[in-house]
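*Asks:* A structural model of the following input is requested.
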Amino acid sequence: MKKLPLGMQNFREIIDGGFVYVDKTQYVYDLVNNVKYYFLSRPRRFGKSLLLDTIAEAMNGNKEIFKGLFIYNSDYNFEKYPVLRIDMSNIANKTPDILENSLASYLRKRIEDEAFNIDDEIPSDIFQYLIRDLYKKYNQKVVVLIDEYDKPILDHLTNTETAEANRQVLRGFYGVLKSLDPFLRLTFITGVSKFTKTSIFSELNNLLDITMTKKYANICGIAIEDLDKYFSAHIDYLGTLDSFKQYSSIKDEILAWYDGYSWDGETRVINPFSLLSFFLQESFESYWYASGTPTFLINLIKTKPSSFLTLNYLEISKRALDAFNIHKMGLAPLLFQTGYLTVAKKSYQGVFESYLLKMPNLEVREAFNLSIIADFTENEEDFTENAYWRIKGALKTGNLQDMLTILKSLFASIPYQLHIGKDAYYHSIFYAIMNILGFKMDAETSVSTGRADAILELDDKVYIMEFKYADCAPDASPEEKQKLFEKELEDGINQIERRGYAKKYIGSGKEIIIAAFAFLGRDNIEMRCE
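*Replies:* Numbers count the residues shown, from 1 in each chain. This is a model prediction of the structure:
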(Lines give C-alpha, C1' and ligand atoms only; values in the text may rest on other atoms or scores of the structure.)
Protein backbone atom coordinates (compact mmCIF):
# COMPACT_ATOMS: atom_id res chain seq x y z
CA MET A 1 0.00 0.00 0.00
CA LYS A 2 1.17 3.52 -0.74
CA LYS A 3 1.77 5.85 2.19
CA LEU A 4 -0.92 8.39 3.08
CA PRO A 5 0.01 12.10 2.82
CA LEU A 6 -1.97 13.41 5.80
CA GLY A 7 -1.27 17.12 6.32
CA MET A 8 1.19 17.27 3.41
CA GLN A 9 0.83 20.26 1.08
CA ASN A 10 4.04 19.92 -0.94
CA PHE A 11 3.45 18.23 -4.30
CA ARG A 12 7.10 17.25 -4.85
CA GLU A 13 7.38 15.72 -1.39
CA ILE A 14 4.28 13.60 -2.02
CA ILE A 15 5.47 12.36 -5.42
CA ASP A 16 9.12 11.77 -4.48
CA GLY A 17 8.11 10.13 -1.21
CA GLY A 18 5.83 7.58 -2.87
CA PHE A 19 2.66 8.83 -1.16
CA VAL A 20 -0.86 8.52 -2.59
CA TYR A 21 -1.60 11.42 -4.94
CA VAL A 22 -5.11 11.79 -6.37
CA ASP A 23 -4.43 13.19 -9.84
CA LYS A 24 -5.84 16.72 -10.18
CA THR A 25 -3.52 17.76 -13.00
CA GLN A 26 -6.31 17.72 -15.58
CA TYR A 27 -7.64 20.79 -13.77
CA VAL A 28 -4.20 22.39 -13.71
CA TYR A 29 -3.95 21.87 -17.47
CA ASP A 30 -7.34 23.48 -18.00
CA LEU A 31 -6.63 26.43 -15.71
CA VAL A 32 -3.30 27.42 -17.24
CA ASN A 33 -4.68 27.20 -20.77
CA ASN A 34 -7.68 29.47 -20.26
CA VAL A 35 -8.23 32.78 -18.43
CA LYS A 36 -5.58 34.58 -16.37
CA TYR A 37 -7.39 35.35 -13.10
CA TYR A 38 -9.10 32.78 -10.87
CA PHE A 39 -10.70 32.67 -7.45
CA LEU A 40 -11.63 29.48 -5.55
CA SER A 41 -13.34 29.14 -2.18
CA ARG A 42 -13.23 25.85 -0.28
CA PRO A 43 -13.40 24.95 3.43
CA ARG A 44 -10.23 24.52 5.45
CA ARG A 45 -8.17 21.35 4.95
CA PHE A 46 -9.70 20.54 1.59
CA GLY A 47 -6.54 20.55 -0.52
CA LYS A 48 -6.35 24.19 -1.66
CA SER A 49 -2.68 24.56 -0.69
CA LEU A 50 -1.69 21.33 -2.44
CA LEU A 51 -3.52 22.50 -5.57
CA LEU A 52 -1.54 25.75 -5.61
CA ASP A 53 1.72 23.88 -5.07
CA THR A 54 0.88 21.59 -7.99
CA ILE A 55 0.23 24.63 -10.19
CA ALA A 56 3.54 26.13 -9.06
CA GLU A 57 5.48 22.99 -10.05
CA ALA A 58 3.83 22.93 -13.48
CA MET A 59 4.44 26.64 -14.11
CA ASN A 60 8.05 26.24 -12.98
CA GLY A 61 8.49 23.83 -15.88
CA ASN A 62 9.25 20.76 -13.75
CA LYS A 63 7.86 18.22 -16.21
CA GLU A 64 9.50 15.04 -14.95
CA ILE A 65 7.86 15.21 -11.54
CA PHE A 66 4.48 14.80 -13.31
CA LYS A 67 5.38 11.54 -15.02
CA GLY A 68 2.42 9.19 -15.09
CA LEU A 69 -0.09 11.99 -14.43
CA PHE A 70 -2.62 13.52 -16.82
CA ILE A 71 -0.71 16.70 -17.58
CA TYR A 72 2.54 14.85 -18.41
CA ASN A 73 0.89 13.08 -21.34
CA SER A 74 -0.96 16.18 -22.53
CA ASP A 75 0.23 18.83 -24.98
CA TYR A 76 1.20 21.21 -22.18
CA ASN A 77 4.70 22.53 -22.96
CA PHE A 78 5.94 23.05 -19.36
CA GLU A 79 7.37 26.48 -20.17
CA LYS A 80 9.16 27.93 -17.15
CA TYR A 81 7.70 31.05 -15.49
CA PRO A 82 8.72 32.92 -12.33
CA VAL A 83 6.24 31.99 -9.60
CA LEU A 84 5.42 34.30 -6.69
CA ARG A 85 3.49 32.47 -3.98
CA ILE A 86 2.03 34.21 -0.93
CA ASP A 87 0.61 32.11 1.90
CA MET A 88 -1.47 34.37 4.15
CA SER A 89 -1.50 31.72 6.87
CA ASN A 90 2.18 32.57 7.39
CA ILE A 91 1.54 36.32 7.71
CA ALA A 92 1.08 37.77 11.21
CA ASN A 93 -2.16 39.74 11.42
CA LYS A 94 -2.88 40.68 15.03
CA THR A 95 -3.30 44.34 14.03
CA PRO A 96 -3.35 46.10 10.64
CA ASP A 97 0.12 47.52 11.35
CA ILE A 98 1.49 44.08 12.13
CA LEU A 99 -0.21 42.74 9.00
CA GLU A 100 1.46 45.38 6.81
CA ASN A 101 4.87 44.85 8.42
CA SER A 102 4.59 41.07 8.12
CA LEU A 103 3.56 41.30 4.47
CA ALA A 104 6.51 43.57 3.75
CA SER A 105 8.92 41.20 5.53
CA TYR A 106 7.48 38.20 3.67
CA LEU A 107 8.05 39.86 0.29
CA ARG A 108 11.55 41.09 1.24
CA LYS A 109 12.68 37.48 1.64
CA ARG A 110 11.96 36.94 -2.05
CA ILE A 111 13.61 40.27 -2.88
CA GLU A 112 16.78 39.13 -1.11
CA ASP A 113 16.72 35.76 -2.90
CA GLU A 114 16.45 37.52 -6.26
CA ALA A 115 19.04 40.23 -5.33
CA PHE A 116 16.61 43.00 -6.24
CA ASN A 117 16.96 46.57 -4.98
CA ILE A 118 13.55 47.50 -3.61
CA ASP A 119 13.57 49.83 -0.60
CA ASP A 120 9.87 50.69 -0.35
CA GLU A 121 8.06 50.09 2.97
CA ILE A 122 4.45 49.88 1.75
CA PRO A 123 3.43 46.23 1.04
CA SER A 124 1.33 47.02 -2.04
CA ASP A 125 4.22 49.01 -3.56
CA ILE A 126 6.74 46.27 -2.77
CA PHE A 127 4.33 43.75 -4.32
CA GLN A 128 4.06 45.52 -7.65
CA TYR A 129 7.78 46.37 -7.86
CA LEU A 130 8.65 42.73 -7.14
CA ILE A 131 6.36 41.50 -9.93
CA ARG A 132 7.81 44.02 -12.41
CA ASP A 133 11.39 43.07 -11.49
CA LEU A 134 10.67 39.34 -11.79
CA TYR A 135 9.27 40.00 -15.25
CA LYS A 136 12.39 41.93 -16.26
CA LYS A 137 14.86 39.43 -14.80
CA TYR A 138 13.37 36.31 -16.38
CA ASN A 139 11.85 37.94 -19.45
CA GLN A 140 8.70 36.00 -18.68
CA LYS A 141 5.33 36.89 -17.26
CA VAL A 142 4.83 36.14 -13.56
CA VAL A 143 2.55 33.57 -11.92
CA VAL A 144 0.97 34.88 -8.69
CA LEU A 145 -0.53 32.31 -6.30
CA ILE A 146 -2.22 33.58 -3.12
CA ASP A 147 -3.31 31.03 -0.51
CA GLU A 148 -5.76 31.69 2.36
CA TYR A 149 -6.28 35.26 1.15
CA ASP A 150 -8.90 35.92 3.85
CA LYS A 151 -7.13 34.57 6.96
CA PRO A 152 -6.22 38.05 8.32
CA ILE A 153 -9.96 38.79 8.32
CA LEU A 154 -11.37 35.45 9.51
CA ASP A 155 -8.97 35.40 12.46
CA HIS A 156 -10.73 38.47 13.87
CA LEU A 157 -14.43 37.97 13.23
CA THR A 158 -15.10 38.36 16.95
CA ASN A 159 -13.41 41.79 16.74
CA THR A 160 -15.00 43.51 13.78
CA GLU A 161 -12.85 46.63 14.15
CA THR A 162 -9.62 44.67 13.56
CA ALA A 163 -11.26 42.53 10.87
CA GLU A 164 -12.40 45.63 9.01
CA ALA A 165 -8.99 47.31 9.31
CA ASN A 166 -7.25 44.18 8.00
CA ARG A 167 -9.75 44.03 5.14
CA GLN A 168 -8.77 47.52 4.10
CA VAL A 169 -5.09 46.55 4.08
CA LEU A 170 -5.81 43.49 1.91
CA ARG A 171 -8.05 45.48 -0.42
CA GLY A 172 -5.19 47.82 -1.24
CA PHE A 173 -2.67 44.97 -1.49
CA TYR A 174 -4.70 42.82 -3.89
CA GLY A 175 -5.87 45.86 -5.83
CA VAL A 176 -2.48 46.46 -7.48
CA LEU A 177 -2.77 43.22 -9.49
CA LYS A 178 -5.12 44.68 -12.09
CA SER A 179 -2.64 47.39 -13.12
CA LEU A 180 0.02 44.68 -13.50
CA ASP A 181 -1.90 42.71 -16.12
CA PRO A 182 0.84 43.06 -18.82
CA PHE A 183 3.32 41.38 -16.45
CA LEU A 184 1.13 38.47 -15.28
CA ARG A 185 0.77 34.99 -16.79
CA LEU A 186 -1.64 33.57 -14.18
CA THR A 187 -3.19 34.72 -10.91
CA PHE A 188 -4.93 32.21 -8.65
CA ILE A 189 -6.42 33.21 -5.28
CA THR A 190 -7.88 30.75 -2.76
CA GLY A 191 -9.58 31.11 0.59
CA VAL A 192 -12.43 29.94 2.77
CA SER A 193 -14.84 32.86 2.52
CA LYS A 194 -16.36 34.63 -0.46
CA PHE A 195 -16.38 38.33 0.21
CA THR A 196 -18.23 40.40 -2.35
CA LYS A 197 -15.90 41.69 -5.04
CA THR A 198 -16.68 45.29 -4.12
CA SER A 199 -15.62 44.72 -0.52
CA ILE A 200 -12.16 43.25 -1.09
CA PHE A 201 -11.50 42.83 -4.83
CA SER A 202 -12.98 46.13 -6.01
CA GLU A 203 -10.02 46.86 -8.27
CA LEU A 204 -9.38 43.27 -9.28
CA ASN A 205 -12.78 42.88 -10.94
CA ASN A 206 -11.64 40.45 -13.62
CA LEU A 207 -11.38 37.42 -11.30
CA LEU A 208 -13.21 34.33 -12.53
CA ASP A 209 -14.87 32.76 -9.51
CA ILE A 210 -14.88 28.98 -10.13
CA THR A 211 -16.19 28.06 -6.66
CA MET A 212 -19.64 26.91 -7.82
CA THR A 213 -18.69 26.02 -11.41
CA LYS A 214 -19.67 22.47 -12.36
CA LYS A 215 -16.51 22.06 -14.44
CA TYR A 216 -14.37 22.51 -11.31
CA ALA A 217 -16.65 20.85 -8.76
CA ASN A 218 -14.07 18.10 -8.18
CA ILE A 219 -10.97 20.32 -8.19
CA CYS A 220 -10.48 19.68 -4.45
CA GLY A 221 -11.61 16.65 -2.45
CA ILE A 222 -11.81 12.98 -3.41
CA ALA A 223 -14.52 11.68 -5.76
CA ILE A 224 -16.19 8.31 -5.15
CA GLU A 225 -14.46 6.78 -8.18
CA ASP A 226 -11.12 7.99 -6.77
CA LEU A 227 -11.85 6.10 -3.56
CA ASP A 228 -11.79 2.85 -5.54
CA LYS A 229 -8.88 3.87 -7.74
CA TYR A 230 -6.45 5.10 -5.09
CA PHE A 231 -7.56 3.60 -1.77
CA SER A 232 -8.91 0.12 -2.50
CA ALA A 233 -5.88 -1.55 -0.87
CA HIS A 234 -6.42 0.45 2.31
CA ILE A 235 -10.11 -0.50 2.40
CA ASP A 236 -9.25 -4.17 1.81
CA TYR A 237 -6.75 -4.05 4.68
CA LEU A 238 -9.35 -2.65 7.08
CA GLY A 239 -11.63 -5.51 6.09
CA THR A 240 -9.14 -7.92 7.67
CA LEU A 241 -9.41 -6.22 11.09
CA ASP A 242 -11.83 -7.55 13.70
CA SER A 243 -13.03 -4.03 14.54
CA PHE A 244 -14.44 -3.65 11.01
CA LYS A 245 -16.20 -7.03 10.76
CA GLN A 246 -19.46 -5.38 11.92
CA TYR A 247 -19.77 -3.38 8.69
CA SER A 248 -21.37 -5.04 5.69
CA SER A 249 -19.64 -2.46 3.49
CA ILE A 250 -16.69 -0.41 4.76
CA LYS A 251 -16.88 1.75 1.64
CA ASP A 252 -20.53 2.62 2.26
CA GLU A 253 -19.72 3.52 5.86
CA ILE A 254 -16.85 5.76 4.67
CA LEU A 255 -19.22 7.54 2.30
CA ALA A 256 -21.81 8.03 5.05
CA TRP A 257 -19.23 9.54 7.37
CA TYR A 258 -17.07 11.66 5.06
CA ASP A 259 -18.68 12.00 1.61
CA GLY A 260 -21.42 14.41 0.59
CA TYR A 261 -19.69 17.71 -0.10
CA SER A 262 -20.89 19.37 -3.29
CA TRP A 263 -20.63 22.77 -4.92
CA ASP A 264 -22.87 22.11 -7.91
CA GLY A 265 -25.55 19.90 -6.39
CA GLU A 266 -24.46 16.88 -8.45
CA THR A 267 -20.76 16.14 -8.03
CA ARG A 268 -20.00 14.76 -4.56
CA VAL A 269 -16.57 14.63 -2.99
CA ILE A 270 -15.08 13.20 0.19
CA ASN A 271 -13.31 15.34 2.76
CA PRO A 272 -9.62 14.43 2.13
CA PHE A 273 -8.37 15.27 5.63
CA SER A 274 -11.05 13.10 7.24
CA LEU A 275 -10.51 10.20 4.84
CA LEU A 276 -6.74 10.10 5.34
CA SER A 277 -7.15 10.47 9.11
CA PHE A 278 -9.65 7.58 9.11
CA PHE A 279 -7.28 5.24 7.27
CA LEU A 280 -4.41 6.12 9.59
CA GLN A 281 -6.42 5.97 12.84
CA GLU A 282 -8.55 2.97 11.72
CA SER A 283 -11.64 4.36 13.39
CA PHE A 284 -14.73 6.34 12.35
CA GLU A 285 -14.35 9.67 14.14
CA SER A 286 -14.95 13.37 13.50
CA TYR A 287 -11.45 14.32 12.40
CA TRP A 288 -12.09 17.43 10.31
CA TYR A 289 -14.45 18.98 12.84
CA ALA A 290 -12.10 18.25 15.72
CA SER A 291 -9.21 19.93 13.88
CA GLY A 292 -10.66 23.35 14.59
CA THR A 293 -14.17 24.81 14.84
CA PRO A 294 -14.44 28.62 14.89
CA THR A 295 -16.00 29.78 18.16
CA PHE A 296 -17.70 32.66 16.38
CA LEU A 297 -19.99 30.14 14.63
CA ILE A 298 -21.32 28.76 17.91
CA ASN A 299 -21.60 32.26 19.39
CA LEU A 300 -23.59 33.43 16.37
CA ILE A 301 -26.00 30.51 16.73
CA LYS A 302 -26.42 31.29 20.44
CA THR A 303 -27.67 34.75 19.54
CA LYS A 304 -30.08 33.31 16.95
CA PRO A 305 -31.14 29.89 18.25
CA SER A 306 -34.16 29.65 15.97
CA SER A 307 -31.91 29.87 12.91
CA PHE A 308 -30.36 26.53 13.86
CA LEU A 309 -33.66 24.75 13.24
CA THR A 310 -33.79 25.72 9.56
CA LEU A 311 -30.19 24.95 8.62
CA ASN A 312 -30.66 21.46 7.19
CA TYR A 313 -32.33 21.57 3.77
CA LEU A 314 -32.40 25.33 3.66
CA GLU A 315 -33.05 27.07 0.35
CA ILE A 316 -30.99 30.16 -0.37
CA SER A 317 -30.25 32.32 -3.41
CA LYS A 318 -26.84 32.34 -5.06
CA ARG A 319 -26.53 36.06 -4.34
CA ALA A 320 -27.08 35.49 -0.61
CA LEU A 321 -24.76 32.49 -0.58
CA ASP A 322 -21.90 34.46 -2.13
CA ALA A 323 -22.10 37.41 0.24
CA PHE A 324 -19.81 37.59 3.26
CA ASN A 325 -20.20 40.76 5.30
CA ILE A 326 -18.06 41.41 8.39
CA HIS A 327 -20.67 43.63 10.00
CA LYS A 328 -23.74 41.57 9.17
CA MET A 329 -22.86 37.90 8.97
CA GLY A 330 -25.59 35.59 7.73
CA LEU A 331 -25.46 32.21 9.44
CA ALA A 332 -26.28 30.06 6.40
CA PRO A 333 -23.65 31.57 4.03
CA LEU A 334 -21.08 31.45 6.81
CA LEU A 335 -21.75 27.77 7.55
CA PHE A 336 -21.67 26.94 3.83
CA GLN A 337 -18.39 28.67 3.17
CA THR A 338 -16.76 27.13 6.22
CA GLY A 339 -17.88 23.59 5.29
CA TYR A 340 -20.72 22.85 7.72
CA LEU A 341 -23.35 23.01 4.98
CA THR A 342 -23.12 21.91 1.37
CA VAL A 343 -25.22 22.01 -1.79
CA ALA A 344 -27.86 19.29 -1.98
CA LYS A 345 -29.54 20.62 -5.11
CA LYS A 346 -29.19 23.50 -7.53
CA SER A 347 -32.27 25.00 -9.17
CA TYR A 348 -33.40 28.05 -11.12
CA GLN A 349 -36.22 30.48 -10.50
CA GLY A 350 -36.35 32.25 -13.84
CA VAL A 351 -32.79 33.39 -14.47
CA PHE A 352 -31.86 33.34 -10.78
CA GLU A 353 -29.94 30.44 -9.25
CA SER A 354 -30.85 29.03 -5.86
CA TYR A 355 -29.42 26.23 -3.76
CA LEU A 356 -30.80 23.74 -1.29
CA LEU A 357 -28.28 23.34 1.54
CA LYS A 358 -27.79 20.44 3.92
CA MET A 359 -25.21 19.05 6.32
CA PRO A 360 -22.86 16.93 4.20
CA ASN A 361 -22.36 13.79 6.28
CA LEU A 362 -22.38 12.01 9.63
CA GLU A 363 -19.08 13.53 10.70
CA VAL A 364 -20.32 17.10 10.47
CA ARG A 365 -23.84 16.38 11.66
CA GLU A 366 -22.83 14.51 14.80
CA ALA A 367 -19.91 16.69 15.81
CA PHE A 368 -21.72 19.94 15.05
CA ASN A 369 -24.83 18.99 17.01
CA LEU A 370 -22.73 17.68 19.90
CA SER A 371 -20.92 21.00 20.01
CA ILE A 372 -24.20 22.95 19.92
CA ILE A 373 -25.61 21.08 22.91
CA ALA A 374 -22.38 21.20 24.91
CA ASP A 375 -22.03 24.95 24.32
CA PHE A 376 -25.68 25.80 24.86
CA THR A 377 -25.75 23.94 28.17
CA GLU A 378 -22.06 24.44 29.02
CA ASN A 379 -21.66 20.77 29.87
CA GLU A 380 -18.64 18.66 29.11
CA GLU A 381 -19.12 16.70 25.88
CA ASP A 382 -18.84 13.34 27.64
CA PHE A 383 -21.75 14.34 29.92
CA THR A 384 -23.96 15.34 27.01
CA GLU A 385 -22.95 12.29 24.99
CA ASN A 386 -24.02 10.06 27.88
CA ALA A 387 -27.35 11.92 27.96
CA TYR A 388 -27.84 11.19 24.25
CA TRP A 389 -27.51 7.47 24.75
CA ARG A 390 -29.95 7.50 27.64
CA ILE A 391 -32.47 9.45 25.55
CA LYS A 392 -31.99 7.01 22.70
CA GLY A 393 -32.86 4.13 24.98
CA ALA A 394 -35.94 5.95 26.27
CA LEU A 395 -37.24 6.62 22.77
CA LYS A 396 -36.62 3.07 21.62
CA THR A 397 -38.75 1.74 24.48
CA GLY A 398 -41.33 4.52 24.27
CA ASN A 399 -40.60 5.68 27.83
CA LEU A 400 -40.88 9.45 27.41
CA GLN A 401 -40.88 9.97 31.17
CA ASP A 402 -37.27 8.79 31.29
CA MET A 403 -36.47 11.15 28.43
CA LEU A 404 -38.06 14.05 30.33
CA THR A 405 -35.85 13.34 33.37
CA ILE A 406 -32.73 13.49 31.19
CA LEU A 407 -33.90 16.64 29.41
CA LYS A 408 -34.44 18.35 32.74
CA SER A 409 -30.87 17.66 33.75
CA LEU A 410 -29.60 19.06 30.46
CA PHE A 411 -31.72 22.19 30.47
CA ALA A 412 -31.01 22.86 34.13
CA SER A 413 -27.38 23.35 33.15
CA ILE A 414 -28.15 26.20 30.73
CA PRO A 415 -26.33 29.25 32.14
CA TYR A 416 -28.65 32.03 33.24
CA GLN A 417 -26.80 34.55 31.06
CA LEU A 418 -27.52 32.42 27.97
CA HIS A 419 -31.17 31.81 28.77
CA ILE A 420 -33.55 33.16 26.16
CA GLY A 421 -37.24 33.26 26.94
CA LYS A 422 -38.36 31.65 23.72
CA ASP A 423 -39.32 28.11 22.83
CA ALA A 424 -36.89 28.27 19.89
CA TYR A 425 -33.99 28.03 22.34
CA TYR A 426 -35.24 24.79 23.86
CA HIS A 427 -36.46 23.56 20.50
CA SER A 428 -32.93 24.06 19.12
CA ILE A 429 -31.31 21.96 21.84
CA PHE A 430 -33.87 19.20 21.52
CA TYR A 431 -33.51 19.19 17.74
CA ALA A 432 -29.71 18.92 18.11
CA ILE A 433 -30.12 15.97 20.49
CA MET A 434 -32.31 14.10 18.02
CA ASN A 435 -29.91 14.80 15.14
CA ILE A 436 -26.86 13.59 17.01
CA LEU A 437 -28.67 10.34 17.76
CA GLY A 438 -29.18 9.83 14.05
CA PHE A 439 -32.98 9.77 14.19
CA LYS A 440 -34.95 10.82 11.16
CA MET A 441 -36.41 14.06 12.41
CA ASP A 442 -37.95 17.03 10.60
CA ALA A 443 -38.20 20.26 12.55
CA GLU A 444 -41.27 22.39 11.80
CA THR A 445 -42.48 19.77 9.34
CA SER A 446 -45.08 21.03 6.90
CA VAL A 447 -48.42 19.27 6.61
CA SER A 448 -51.54 20.50 4.84
CA THR A 449 -52.96 22.00 8.01
CA GLY A 450 -49.85 23.64 9.43
CA ARG A 451 -46.33 22.94 10.66
CA ALA A 452 -45.51 20.41 13.36
CA ASP A 453 -42.64 21.42 15.65
CA ALA A 454 -41.01 18.02 15.33
CA ILE A 455 -41.79 14.63 13.81
CA LEU A 456 -39.43 11.83 14.77
CA GLU A 457 -39.63 8.48 12.96
CA LEU A 458 -38.22 5.20 14.27
CA ASP A 459 -38.63 1.74 12.74
CA ASP A 460 -41.73 0.98 14.77
CA LYS A 461 -42.79 4.35 16.21
CA VAL A 462 -43.61 7.91 15.14
CA TYR A 463 -43.29 10.74 17.66
CA ILE A 464 -45.14 13.98 16.89
CA MET A 465 -44.11 16.79 19.21
CA GLU A 466 -45.02 20.36 20.04
CA PHE A 467 -42.92 22.74 22.15
CA LYS A 468 -44.58 25.46 24.21
CA TYR A 469 -42.98 28.23 26.22
CA ALA A 470 -44.77 30.45 28.75
CA ASP A 471 -43.45 33.42 30.69
CA CYS A 472 -43.52 32.69 34.38
CA ALA A 473 -42.73 35.09 37.20
CA PRO A 474 -39.66 34.02 39.23
CA ASP A 475 -41.69 34.13 42.45
CA ALA A 476 -44.70 32.20 41.07
CA SER A 477 -46.19 29.68 43.44
CA PRO A 478 -46.23 25.94 42.66
CA GLU A 479 -49.96 26.22 42.05
CA GLU A 480 -49.49 29.03 39.52
CA LYS A 481 -46.77 27.08 37.73
CA GLN A 482 -48.96 24.00 37.60
CA LYS A 483 -51.80 25.95 36.00
CA LEU A 484 -49.43 27.33 33.38
CA PHE A 485 -48.08 23.86 32.67
CA GLU A 486 -51.54 22.40 32.27
CA LYS A 487 -52.61 25.16 29.89
CA GLU A 488 -49.51 24.92 27.67
CA LEU A 489 -49.52 21.12 27.59
CA GLU A 490 -53.22 21.02 26.72
CA ASP A 491 -52.69 23.61 23.98
CA GLY A 492 -49.84 21.52 22.56
CA ILE A 493 -51.81 18.25 22.49
CA ASN A 494 -54.89 20.00 21.07
CA GLN A 495 -52.82 21.62 18.32
CA ILE A 496 -51.44 18.25 17.20
CA GLU A 497 -54.92 16.70 17.18
CA ARG A 498 -56.79 19.69 15.74
CA ARG A 499 -54.40 20.11 12.81
CA GLY A 500 -54.18 16.40 12.10
CA TYR A 501 -50.39 16.14 12.18
CA ALA A 502 -50.67 12.37 12.68
CA LYS A 503 -52.98 11.63 9.74
CA LYS A 504 -50.24 10.80 7.23
CA TYR A 505 -48.90 8.07 9.55
CA ILE A 506 -52.21 6.28 10.14
CA GLY A 507 -52.03 2.91 8.43
CA SER A 508 -48.22 2.90 8.42
CA GLY A 509 -48.15 0.08 10.96
CA LYS A 510 -46.15 2.24 13.35
CA GLU A 511 -47.20 3.22 16.85
CA ILE A 512 -48.07 6.94 16.85
CA ILE A 513 -47.14 8.84 20.00
CA ILE A 514 -48.04 12.52 20.36
CA ALA A 515 -46.30 14.60 23.00
CA ALA A 516 -46.29 18.19 24.17
CA PHE A 517 -43.40 19.78 26.06
CA ALA A 518 -43.94 22.91 28.12
CA PHE A 519 -41.11 25.16 29.29
CA LEU A 520 -41.51 27.79 31.98
CA GLY A 521 -37.77 28.37 32.18
CA ARG A 522 -34.49 26.53 32.43
CA ASP A 523 -35.51 24.63 35.59
CA ASN A 524 -39.18 24.04 34.77
CA ILE A 525 -40.07 21.51 32.08
CA GLU A 526 -43.04 19.16 31.89
CA MET A 527 -44.45 16.81 29.27
CA ARG A 528 -47.71 15.11 28.36
CA CYS A 529 -48.04 12.30 25.85
CA GLU A 530 -50.86 10.24 24.38
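*Asks:* hang on, Phe231 packs against Phe278?
*Replies:* No: if you go by CB atoms under 8 Å, Phe231 and Phe278 don't touch, sitting 10.0 Å apart. (Each C-beta comes from the backbone N, C-alpha and C, glycine too.)
*Asks:* what's Ile493 in contact with, if anything?
*Replies:* Taking CB atoms under 8 Å, 6 or more residues apart in numbering, we find Ile493 in contact with Glu466, Ile514, Ala516, Arg528, Glu530.
*Asks:* burial measure for the first one, as a count.
*Replies:* Which is Glu466. Summarising burial for Glu466: neighbours were counted as other CB atoms under 10 Å, giving 24.
*Asks:* State the pLDDT value of it.
*Replies:* Predicted confidence (pLDDT) for Glu466: 85.
*Asks:* tally of neighbours for Met212?
*Replies:* Met212: 20 neighbours (other CB under 10 Å).
*Asks:* Would you confirm that it contacts Ser262?
*Replies:* No: if you go by CB under 8 Å, Met212 and Ser262 don't touch, sitting 9.9 Å apart.
*Asks:* sec struct for Val462, please.
*Replies:* Following DSSP: H, G, I helix; E, B strand; the rest coil, we place Val462 in the strand state.
*Asks:* nearest spatial neighbour of Leu50, skipping sequence neighbours?
*Replies:* Excluding its sequence neighbours, the residue lying closest to Leu50 (CB to CB, 6 or more residues apart in numbering) is Gln9, at 5.0 Å.
*Asks:* For stretch 489-508, measure first residue to last.
*Replies:* From its first residue to its last, stretch 489-508 covers 26 Å (CA to CA, to the nearest Å).
*Asks:* With stretch 33-43 instead?
*Replies:* 26 Å.
*Asks:* Run the chain-centre distance for it.
*Replies:* Put simply, stretch 33-43 sits 20 Å off its chain's centre (CA atoms, centre = their mean, to the nearest Å).
*Asks:* And stretch 38-46, by the same measure?
*Replies:* Per CA atoms, centre = their mean, the displacement of stretch 38-46 from the mean C-alpha position of its chain is 11 Å.
*Asks:* ditto for stretch 151-164
*Replies:* Mean-position distance between stretch 151-164 and its chain equals 19 Å (CA atoms, centre = their mean).
*Asks:* for stretch 174-191, same thing?
*Replies:* Here the centre of stretch 174-191 is set off from its chain's centre by 28 Å, with CA atoms, centre = their mean.
*Asks:* Buried residues in that stretch, which are they?
*Replies:* By 16 or more other CB atoms under 10 Å, the buried positions in stretch 174-191 come out as 174-178, 180, 183-191.
*Asks:* cool, stretch 25-42 as well?
*Replies:* Buried residues in stretch 25-42 (16+ other CB under 10 Å): 25, 27-29, 31-32, 36-42.
*Asks:* same question, stretch 187-207
*Replies:* Under the neighbour-count criterion of 16+ other CB under 10 Å, stretch 187-207 has 187-195, 197, 200-201, 204, 207 buried.
*Asks:* gap between that stretch and the chain center?
*Replies:* For stretch 187-207, the separation from the chain centroid amounts to 20 Å (computed by CA atoms, centre = their mean).
*Asks:* With stretch 274-289 instead?
*Replies:* Centroid displacement of stretch 274-289 relative to its chain, using CA atoms, centre = their mean, is 17 Å.
*Asks:* tell me the pLDDT at His327?
*Replies:* 74.
*Asks:* Verify the stated contact: it with Thr160.
*Replies:* Yes: here His327 lies in contact with Thr160, judged by CB under 8 Å, at a distance of 6.0 Å.
*Asks:* Which residue of the two possesses the greater neighbour count?
*Replies:* Using other CB under 10 Å, the more surrounded residue of His327 and Thr160 is Thr160, with 15 against 7.
*Asks:* From Asp242, how far out is that one?
*Replies:* 52 Å (CB to CB, to the nearest Å).
*Asks:* Next: Lys346.
*Replies:* Separation of Lys346 from Asp242 (CB to CB): 43 Å.
*Asks:* One more: Ile391?
*Replies:* Relative to Asp242, and taking CB to CB, Ile391 is found at 30 Å.
*Asks:* if you count what's nearby, which of these two comes out ahead?
*Replies:* Higher neighbour count among Ile391 and Asp242: Ile391, with 24 against 6, using other CB under 10 Å.
*Asks:* ok, of the buried residues of stretch 187-207, which one's closest to Phe368?
*Replies:* Minimum distance to Phe368 across the buried residues of stretch 187-207 is 16.6 Å, recorded for Val192 (CB to CB).
*Asks:* is it true that the closest one touches Phe46?
*Replies:* No: Val192 is not in contact with Phe46 according to CB under 8 Å; the separation is 9.1 Å.
*Asks:* next SSE after the longest helix belonging to the chain?
*Replies:* Taking DSSP state H as the criterion, the chain has its longest helix at helix 478-498. Counting by DSSP states H and E, the element after helix 478-498 in chain order, helix or strand, is strand 511-521.
*Asks:* who does that next one touch, helix- and strand-wise?
*Replies:* Here strand 511-521 touches helix 400-411, helix 423-436, strand 461-469, helix 478-498, strand 524-529, going by 3 or more CB pairs under 8 Å, 6 or more residues apart in numbering; DSSP states H and E.
*Asks:* Mean pLDDT lowest where, among these?
*Replies:* helix 423-436 - the lowest mean pLDDT of these, at a mean of 64.
*Asks:* Am I right that Met8 sits in a strand?
*Replies:* No: using three-state DSSP, the secondary structure at Met8 is coil, not a strand.
*Asks:* distance of the nearest residue to Leu4 once chain neighbours are set aside from Thr338?
*Replies:* Leaving out its chain neighbours, the residue that sits closest to Leu4 by CB to CB, 6+ apart is Leu276, at 4.9 Å. Distance, Leu276 to Thr338, using CB to CB: 20 Å.
*Asks:* and if you look at Ser277?
*Replies:* According to CB to CB, Ser277 stands 19 Å off from Thr338.
*Asks:* What of Trp257?
*Replies:* Distance of Trp257 to Thr338, computed by CB to CB: 19 Å.
*Asks:* who has more neighbours, those two?
*Replies:* A side-by-side neighbour count of Trp257 and Thr338, using other CB under 10 Å, places Trp257 first with 23 against 18.
*Asks:* what angle do the longest helix of the chain and strand 461-469 make?
*Replies:* Counting by axes from the mean of the first three to the mean of the last three CA atoms, to 10 degrees, helix 478-498 lies at 130 degrees to strand 461-469.
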